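**Q** Return a 3D structure for these sequence lines:
(chains A, B, C, D, E and F)
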Number of protein chains: 6
Amino acid sequence: MSHGILSSTDLPRLVEELTRRAEHHHSSGGEFCLQPRPAPETVIEVVEQLRALLFPGFFNGSDDLTSETVLYYVGATLERIIRPLKEQIQRGLCFVCNVCDPATRCEGHARQVTKEFLYRLPAVQRMLNLDAEAAYLGDPASISTDEVIFCYPGLHALTCQRLAHELHRLGVPIIPRMITEYAHGRTGIDIHPGAVLGERLFIDHGTGVVVGETCVIGNNVKIYQGVTLGAKSFPLDEKGNPIKGIARHPLIEDDVTIYAGATILGRVTIGRGSIIGGNVWLTRSVPAGARITQAHVREELFRDGAGI
Amino acid sequence: MSHGILSSTDLPRLVEELTRRAEHHHSSGGEFCLQPRPAPETVIEVVEQLRALLFPGFFNGSDDLTSETVLYYVGATLERIIRPLKEQIQRGLCFVCNVCDPATRCEGHARQVTKEFLYRLPAVQRMLNLDAEAAYLGDPASISTDEVIFCYPGLHALTCQRLAHELHRLGVPIIPRMITEYAHGRTGIDIHPGAVLGERLFIDHGTGVVVGETCVIGNNVKIYQGVTLGAKSFPLDEKGNPIKGIARHPLIEDDVTIYAGATILGRVTIGRGSIIGGNVWLTRSVPAGARITQAHVREELFRDGAGI
Amino acid sequence: MSHGILSSTDLPRLVEELTRRAEHHHSSGGEFCLQPRPAPETVIEVVEQLRALLFPGFFNGSDDLTSETVLYYVGATLERIIRPLKEQIQRGLCFVCNVCDPATRCEGHARQVTKEFLYRLPAVQRMLNLDAEAAYLGDPASISTDEVIFCYPGLHALTCQRLAHELHRLGVPIIPRMITEYAHGRTGIDIHPGAVLGERLFIDHGTGVVVGETCVIGNNVKIYQGVTLGAKSFPLDEKGNPIKGIARHPLIEDDVTIYAGATILGRVTIGRGSIIGGNVWLTRSVPAGARITQAHVREELFRDGAGI
Amino acid sequence: MSHGILSSTDLPRLVEELTRRAEHHHSSGGEFCLQPRPAPETVIEVVEQLRALLFPGFFNGSDDLTSETVLYYVGATLERIIRPLKEQIQRGLCFVCNVCDPATRCEGHARQVTKEFLYRLPAVQRMLNLDAEAAYLGDPASISTDEVIFCYPGLHALTCQRLAHELHRLGVPIIPRMITEYAHGRTGIDIHPGAVLGERLFIDHGTGVVVGETCVIGNNVKIYQGVTLGAKSFPLDEKGNPIKGIARHPLIEDDVTIYAGATILGRVTIGRGSIIGGNVWLTRSVPAGARITQAHVREELFRDGAGI
Amino acid sequence: MSHGILSSTDLPRLVEELTRRAEHHHSSGGEFCLQPRPAPETVIEVVEQLRALLFPGFFNGSDDLTSETVLYYVGATLERIIRPLKEQIQRGLCFVCNVCDPATRCEGHARQVTKEFLYRLPAVQRMLNLDAEAAYLGDPASISTDEVIFCYPGLHALTCQRLAHELHRLGVPIIPRMITEYAHGRTGIDIHPGAVLGERLFIDHGTGVVVGETCVIGNNVKIYQGVTLGAKSFPLDEKGNPIKGIARHPLIEDDVTIYAGATILGRVTIGRGSIIGGNVWLTRSVPAGARITQAHVREELFRDGAGI
Amino acid sequence: MSHGILSSTDLPRLVEELTRRAEHHHSSGGEFCLQPRPAPETVIEVVEQLRALLFPGFFNGSDDLTSETVLYYVGATLERIIRPLKEQIQRGLCFVCNVCDPATRCEGHARQVTKEFLYRLPAVQRMLNLDAEAAYLGDPASISTDEVIFCYPGLHALTCQRLAHELHRLGVPIIPRMITEYAHGRTGIDIHPGAVLGERLFIDHGTGVVVGETCVIGNNVKIYQGVTLGAKSFPLDEKGNPIKGIARHPLIEDDVTIYAGATILGRVTIGRGSIIGGNVWLTRSVPAGARITQAHVREELFRDGAGI
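**A** As a prediction, this is how the structure comes out:
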């Protein structure tokens, strides 16, 4: 015996017990998958390369580009990611595809999806450029759109979500969620890949923002940290499981501003141009032009020695 | 002179000044420790390996396991971590052990604690499997327990806390906190290792969740992002220092749901089956079956040009 | 053709389209920069080395220092960072300096700024030692200042901001923001480099905290997770752009405590010794000694089957 | 323009020129390949994992194995490499397979080859154990077979070649050569994958050893550094190209010792039990039991000031 | 005291002693340099990038290039290396430049040299393509020029030397030597950057090959492992130091073949088409068409029990 | 089943077979070791740090040292390595120590050896400075001792051997060999840790040099690539195993030069000031002042079409 911590009979017994439980878990969740699971590091690497080519000159040491040479960088970066992107998409397709044919292993499907996704990149790029402008104009502390692209976590999260959303629209499982969870981990901003986001969205600071799967956000919307656009309670099916796919998150119309910590739940509509104050709890629709704030706070003078 | 930024007399003077202050700091906080401090990268690596063996087939490229071969993976991973785990536990024991015997350096103690911790793994695994099921059933956007295990930050944070809690129970200093701070940094979810968590806990989205040291949470509880289960003011001792170890955080009974941003402070009880609405500030107990929501918001129509 | 996903005419067309949009973006945002942009990894590495020398014995394997040898560690670490620090400061100066002289490339300026920054390190060290003490005294769960230095995200964020603030004061663009965004990503705490922070600041848990550019915080202040010290609406110039540089964030006087999730907006003053309860929305000043809490919540008994 | 070293017209011109030449090269060497090329890092990683499982307890931190748990390590390591091994074999098959079917991409072939290779591992393991024993017995400086396995470059090179040889026998292109070139780079020992090596081969020190493609080496042979078992001149075809695949390297019978720097060229036979002295040049066969040494050296007394 | 191995007085004494000796060394070797030394990792990275662009489609995952897209790869790679290349050249210039002007720090010189070097790349590419063809034709074991480019250490060493030679011709100190020592470490082939190499050079296996600074090699030369083209004794100046820069290595004319382990020393000429057998010691010129082999070996039958 | 390459019965069978053979091997070589084996990466890292502190200003980014600050670098580097050095020495002691006491695990012994080794560093430094000077004076291509320290593989190999030799003298098993094998892999120079090397040793180029365990080399010796100072046949004990520890390698007296590829075997003496020509095979002593060269080569004119 070597490390001398578990005896030579205890270790196998513990291993056996851990394995048995793991098997039980898997037998209830389906059998072991035929394909490798998507690789998080590769997915993240592809997303960061996509960010770099959508904003050439900013990331990955692409500082030296000129208008004559930017083409090289964009082309070479695009070339490099096509294969790993397709590979991860294929793995994503197999993540839920129980009838996956071992021979083709969804390959043709993955190629088609990859191609359609790539054709969407210019449209994504256009939206992100507008987002960057909106952030510059919406934040008095910002010094340039360059600073926004280079530093702002809100734009990083939007880049991830707008890319993930295109994959989500093309029916790719799991990969879009991996992308938005990457952004969530890095920025604290959790926008579901299914959410439909309008133009010129500005998420400032952003930590704690949650935007749900069936949310629809209009143009020129401004969201601060800690805002939730979530679901209330949801209907269960006859087995007591939640029914999937029902529209259950807010519709935010154009030109709305939502301040820090506001929680808006359910399939409600926040009318055009409304302002939602911080920390409100809102589970009903409000008309265009509304201004919603918390009830008046209670104030008293501090008595000596007492806390709250 | 080389970099030419500080002169050859200025640099030593600056070094001397920085060193002096550091010494002063240390002389107030105790002398330099006899043992190496725990190594964060090793602690994190061990935790991630533990996660991989508790959910074999999901992480670290363990995709190819079958029911015949999962045993190899679990056994090999367990073997690999025992020694570094014991080493870090030993360092943790010495982090606060001022009378540490240089000869044995807490080695026997560390071996014993490691052994007891390992025997707790099957119980932790069982709890985490239940947590994964609760997340799948509690989130209409979830497509399978596999997705939950693979992607959901809430389950990642619970994995860390449930492991850290076992070390905490065994009296290991600092290491449990390092583990939960790792999860905090990655997920924004900060659950103290001392908190006692029931079965089937689901923390959705999770950014900004804080669960305090003496918190006790029942079964089937659902917590959304930004929820605080914290302490109010706390008693000071005669020197004005806070008295350590007093129960000061909420008791959450079974079947409670707490919506985003709710702040519940103090040793209060949230009765079984209660629903706590988002963004409330709650410093008193509520009975079973209560439904607590924020006071009504103020609403007015938006006057042209005005903000908030 | 190789990957067979885009045809040999489609790929160049897509590259061309992506490049064109990128150029358009850049021509509105200024021409391509003459200098390399700052390198985030280098900036972060320098900051972490600075943290290690400000707290010798805690990070980067500096466990073995004694009062005789701590000088070596501090001196060697300081030596090592001077050159990359100066290089990144120079790149930061060129990030916005459109009239940058290609010959000198702001070098003299960068050297001068680096020197002045280095002379500020002992003062920063002193402030951080006080912050660590405040955290130890302010958190009943804390076991020593060593634990605070080693584990607490609040102190990590303050270390970054206090260093960034010195660079901000010296007029270095972009680098200070890169430093605070690094801390933001790691801890969820977003303190603008321009904010002026007093002594003995304790930010507990911290996820979601936002402290704005023109905020001023006194001594002995305690801030919990999710607190926003932000701006309300701000004036626009004749072109509709926000006017930069106006004081627009709160003044927090000494001895104030602000509980989780409170949102305080605008150039308001929170008087000395006030306590601000969690989740309040506050857009006006409060006098010294005030105790502010949310309006009373609504409570009803839970009706069978109903949610919120 | 950015780096200011090549003008905005010079750079594209240079790129165009480099590209043109590269294309010319490729059009003579065949068109661009349909498959990714084998990835050297993956091939090396698989080889090192194989080495670790053939000698469990020696590499990759597998120190803690006991007779009860070694099974886990071997099984888990084997599982982990099967997929990347098959992937690289498939790429190897496509490296030369010009009629490669894009649909199946040699997949079935790769699976079959991988399987047959795996079944050969126990035989390879047996040979390597014998090689380790031979080194221990053949080197007075060696302290144990453990030391040989852990440190001796000769055994490392033999491990690589014996594995590569099995792939070579199964008709896999390029991958075997990548493996032996990896060993060549690390040890200076260059044994072609095609060489047939007997039992208990000991290559001491080894730098500069070259063993050619059609070499056959018997049992209990001992080879020192700098020994070449190579080819003389070789026949050309009608176009002046060398004719491939002709037996052109030495046959070394059992129990032969070859001292440092000997060069033996051509399809000659070194008879059983022969001893070949260092630095000889040998292009003819020698009978069993021969002792070959260099012609007598010339010796003179050193005249003052003169060199050689 | 911490590690308890050196006492708190012994450690400073040892440090002081080591420092004193180091200073003494430096004071004899010149004062501490004003510039950072060249960074080996960066030099190597630039060389490997250059190799990848000279052979597009072979390295760094550039598998997917087509004749339409190879331009992107070559252009982007070239852009990326210009700045670090210039930076290292500048450091190389300062490595020996004792009168280095701190203001300009050789910058203009470095830019000029970088530019001239880049213009030489197409010529280097042409030579390397010819070398690859020569290796394919000269080795019956080779299956294609692709294999040569991908795997053969001889071509790797020639790529490094031909690049280093261009820098050497432009008067850059130290950097060329760093490049050839990198190749030496990886392949065992040590060709001085000053050596002048003709077309279609084939170095087979290569371990132990040494080619000296003033060597000149013609076209179609073939060199095997262990060949030395070196210097004999060399003249000393009045202080007993070797006189630098004298031609002292062999001239190898066209179409020469030199077999393994031959040692040729001094400014001798090996005439066109000669064949030099293995392991010969040659310190005089030989005419065109010569065939040189070692003196006859001594052979005897092996007496029982005797070694050599 | 997942990868579908080995069936669910074949894989366990193969694992079982591989494990069985491995166990057999281990039962003949001794039981599994109680301690972790030395970690090659740590040993190498310590050696490289030692090299950096012996030549401060050359490696690890220590460019900016001045005579005022070099002390910091040397002190901090020394501090950092003491603990891992001691740990690896302890593991080395346990590599062969079958009666290792699990309680103390050779700790006291390791501490003592580490201490004595550290005290030897100044002497090692002095020797290496002399070696660097010898290389500068002995190589007309060398431009400074700085270049020698920075680039020459011979000095790198000597640095490793001189450090390893000190550990060897202190009776540490395996670690010295790991160090010299590291140098061997990097430089092709294989000097046994037991060899006793005089002052001002210059090994030029060095690939293929072998210096055996009981070799003794005087002062001012110059050795070129491919030189072997090895053993002839050696006596066997009654079981047929080689008798360990007998002096069996050459004694090289002062001022000897040995040219490329010379092979000198057995306990012979090469007299003071001798010159040994390249490629000779020498198994007897030569007197002081001797000049040894190969027998005259055979030369003939090349007949058309014939090779060698």
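**Q** okay, and for the stretch 201-308 of chain A, where does confidence drop off?
**A** A:302-308 (pLDDT under 70).
**Q** same thing but 90
**A** A:233-245, A:295-308 (pLDDT under 90).
**Q** which bits of it sit near chain C?
**A** Counting by Cβ under 8 Å from any Cβ of the partner chain, the residues of the stretch 201-308 of chain A close to chain C are A:205, A:207-208, A:224-226, A:232-233, A:259-261, A:265, A:277-280, A:283, A:293-302, A:306-308. (C-beta placed from N, C-alpha, C; glycine too.)
**Q** Filter those residues down to just the buried residues.
**A** Buried members of these, scored by 16 or more other Cβ atoms under 10 Å in any protein chain shown, are A:205, A:207-208, A:224-226, A:259-261, A:265, A:277-280, A:283, A:293-295, A:297, A:302, A:307-308.
**Q** can you list the domains in chain A?
**A** For chain A, the domain assignment from automatic domain parsing gives the residue ranges A:27-189, A:208-295.
**Q** Take the buried ones among the residues of the stretch 201-308 of chain A next to chain C and keep only those in strands.
**A** Judged by DSSP state E, strands contain the following of these: A:224, A:265, A:293.
**Q** tell me which element the nearest residue to the second one once chain neighbours are set aside falls in.
**A** Leaving out its chain neighbours, the residue that sits closest to A:L265 by Cβ to Cβ, 6 or more residues apart in numbering or on different chains is A:K232, at 4.6 Å. Using DSSP states H and E, A:K232 is not contained in any helix or strand.
**Q** if I look at A:K232, how far off is C:G261?
**A** Distance of A:K232 to C:G261, computed by Cβ to Cβ, to the nearest Å: 20 Å.
**Q** Phi, psi for the closest residue to A:V113 other than its chain neighbours please.
**A** Spatially, and ignoring its direct neighbours in sequence, A:V113 is nearest to A:L170 (4.9 Å; Cβ to Cβ, 6+ apart). As for A:L170, its main-chain torsions (degrees, to the nearest 10) stand at phi -80, psi 10.
**Q** how much space between A:L170 and chain E?
**A** 22 Å (Cβ to the nearest Cβ, to the nearest Å).
**Q** Ok, A:A22 next?
**A** 35 Å.
**Q** give the contact list for that residue.
**A** B:54-57, B:70, B:74, B:125 (Cβ atoms under 8 Å, 6 or more residues apart in numbering or on different chains).
**Q** Look through the stretch 101-250 of chain A and state the residue closest to chain E.
**A** A:T114 (12.6 Å; Cβ to the nearest Cβ).
**Q** give me the element that residue is part of.
**A** Per DSSP H and E: helix A:107-119 holds A:T114.
**Q** Contacts only, for the nearest residue to A:E48 once chain neighbours are set aside.
**A** Once flanking residues are discounted, A:E48 sits nearest to A:F59: 7.1 Å by Cβ to Cβ, 6+ apart. Residues counted as contacts of A:F59 (Cβ under 8 Å, 6+ apart) are A:48, A:51-52.
**Q** Any chance of those residues in a markdown table with neighbour count, secondary structure and pLDDT as columns?
**A** A markdown table is the format used below for the contacts of A:F59 (neighbours: other Cβ atoms under 10 Å in any protein chain shown; DSSP: H, G, I helix; E, B strand; the rest coil; pLDDT from 0 to 100):
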| residue | neighbour count | secondary structure | pLDDT |
| --- | --- | --- | --- |
| A:E48 | 16 | helix | 97 |
| A:R51 | 19 | helix | 97 |
| A:A52 | 19 | helix | 95 |
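**Q** What segments of chain A are helices?
**A** Secondary structure of chain A, counting by DSSP state H: helices at A:10-29, A:40-54, A:70-96, A:107-119, A:121-138, A:145-151, A:153-169, A:175-187.
**Q** Quick one: closest of these to D:E107.
**A** Shortest distance between D:E107 and these, using Cβ to Cβ, is found for helix A:107-119: 10.5 Å.
**Q** Which single residue of chain A ends up nearest chain C?
**A** Closest point on chain A to chain C, by Cβ to the nearest Cβ, is A:S233, at 2.6 Å.
**Q** Can you give me the distance of that residue to C:N279?
**A** 22 Å.
**Q** try A:G230
**A** A:G230 is 16 Å from C:N279, by Cβ to Cβ.
**Q** go on, A:P193?
**A** A:P193 is 30 Å from C:N279, by Cβ to Cβ.
**Q** Same check on A:N129?
**A** Counting by Cβ to Cβ - A:N129 and C:N279 are separated by 36 Å.
**Q** Kindly report the same for A:K232.
**A** 19 Å.
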